[in-house]
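Participant: I would like the atomic coordinates for the input below:
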Amino acid sequence: MVTGDAGMYNTQTSLLWNDKHLYIAFTVEEPFVEAKLTERDSIIFLENDLEVFIDGKDCYYELEVNAVNTLYEVLFIWKDAYKKNGKFDIPQFDVHQPHAYTFGGDYDRIGASFWKGTHPRGIRWAFTNFDMPGLQTAVKIYGTLNDNSDIDKGWSVEIAIPWNSLHLLSGGRSIPPKNGDIWNMFLGRFQKLMVNGKEVTPHPAMALNKHGIYDTHLTEKWSRIQFFL
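Facilitator: Now for the predicted structure:
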C-alpha cells in the first residue's frame with residue numbers, strides 16, 4: 001500500500017453491479033488461514049482481514065471481514081460537513097451517543113498533528129454502531145481454519161450491498177450509477193505477520209494502488225472505480 005511493490009501473497013478482487021446491488025469479491029492466497037474474533041464489530045484488523053471503504057465525499061464507509069465472516073463496520077463523517085440541521089444532524093448520527101468518536105487518521109496523531117491528524121480536512125466523526133442496511137457477506141475457506149499443521153490455499157469473501165442503502169454515500173451521484181460514473185473505493189488486505197515470535201506492527205497492507213503513506217483513511221488515494229453498463 002505504501003510503496004506500490006507486489007504484495008507478499010496473491011490477492012484478487014472483482015466488482016460487478018446491477019440496478020439493485022453492488023457486488024464485491026476477494027480471493028486471497030493464505031498458507032495459514034486464521035481467524036479467532038467472532039463478535040461483531042470486534043477490531044477485525046488485529047487479525048488477517050479484507051477491507052472495503054466507499055467514499056461518499058462528505059462521509060465514507062468502512063467494512064472489514066475476517067475468515068470466519070465476522071464484520072466490523074464504521075461510518076465516518078467529516079467534521080466540517082456535520083452542520084446543525086444538516087443532512088447528518090439526525091438521531092442516527094447523534095454525536096452524544098456512546099458509539100460516536102472523533103478520528104484523525106491512521107498512525108499520524110503525534111506532535112503537532114495529535115488532535116487533528118494530518119489530513120487537510122481534519123477530524124472525522126466515527127460512528128461504530130453503524131450497520132449497512134441489507135448488507136450480505138459470505139466466506140469460503142480453502143483449507144483448515146486455525147490449524148498450522150498443514151498448508152492452506154486461502155479464503156474468499158463475497159459482499160453484496162443494496163444500492164438503496166448507499167444514498168448517504170452517493171454524494172449527489174445517481175443511485176444506481178449511470179454509465180461512466182466514478183466512485184472512490186479502497187479495496188485491500190491486512191496481513192498479520194510474525195517474525196522471530198514477534199508480531200510486526202503495523203500489519204503489512206496490500207491495496208490496488210500505491211498510497212505513499214500508511215493510512216487507509218485518505219479518500220483521495222483510493223482506487224477510482226468506473227461503472228460501465
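Participant: residues contacting the spatially closest residue to T102 that is not a sequence neighbour?
Facilitator: The spatially closest residue to T102, leaving aside those adjacent along the chain, is I123, at 5.1 Å (CB to CB, 6 or more residues apart in numbering). Every C-beta, even on glycine, is put in place using the N, C-alpha and C of the backbone. I123 makes contacts with 78-79, 102-104, 115-117, as judged by CB atoms under 8 Å, 6 or more residues apart in numbering.
Participant: What's the separation between I123 and G117?
Facilitator: As judged by CB to CB, to the nearest Å, I123 and G117 stand 7 Å apart.
Participant: Now list whatever residues contact both of those two.
Facilitator: Between them, I123 and G117 have 103-104 as joint contacts when contacts are counted by CB under 8 Å, 6+ apart.
Participant: M185: which element?
Facilitator: strand 182-190 (DSSP states H and E).
Participant: partners of the very next helix or strand once past that strand in the sheet?
Facilitator: Toward the C-terminus, strand 182-190 is succeeded by strand 194-195 as the next helix or strand (DSSP H and E). Partners of strand 194-195 in the sheet, by DSSP bridges, are strand 198-199 (antiparallel).
Participant: What's the mean pLDDT across the partner strand?
Facilitator: The average pLDDT within strand 198-199 is 89.
Participant: dump the residue contacts of the nearest residue to H99 once chain neighbours are set aside.
Facilitator: Nearest-residue entry for H99: N129, 3.8 Å, with adjacent residues in sequence omitted and distances by CB to CB, 6+ apart. With contact taken as CB under 8 Å, 6+ apart, N129 is in contact with 41, 97, 99.
Participant: what about the second one, neighbour count?
Facilitator: Just to be clear, that refers to Q97. By the criterion of other CB atoms under 10 Å, Q97 has 12 neighbours.
Participant: Now the residue lying closest to it once chain neighbours are set aside, what are its backbone angles?
Facilitator: Computed as CB to CB, 6+ apart, the closest residue to Q97 that is not its neighbour in sequence is N129, at 7.3 Å. Main-chain dihedrals, N129, degrees, to the nearest 10: phi -100, psi 10.
Participant: For N129, give its distance to R121.
Facilitator: Counting by CB to CB - N129 and R121 are separated by 23 Å.
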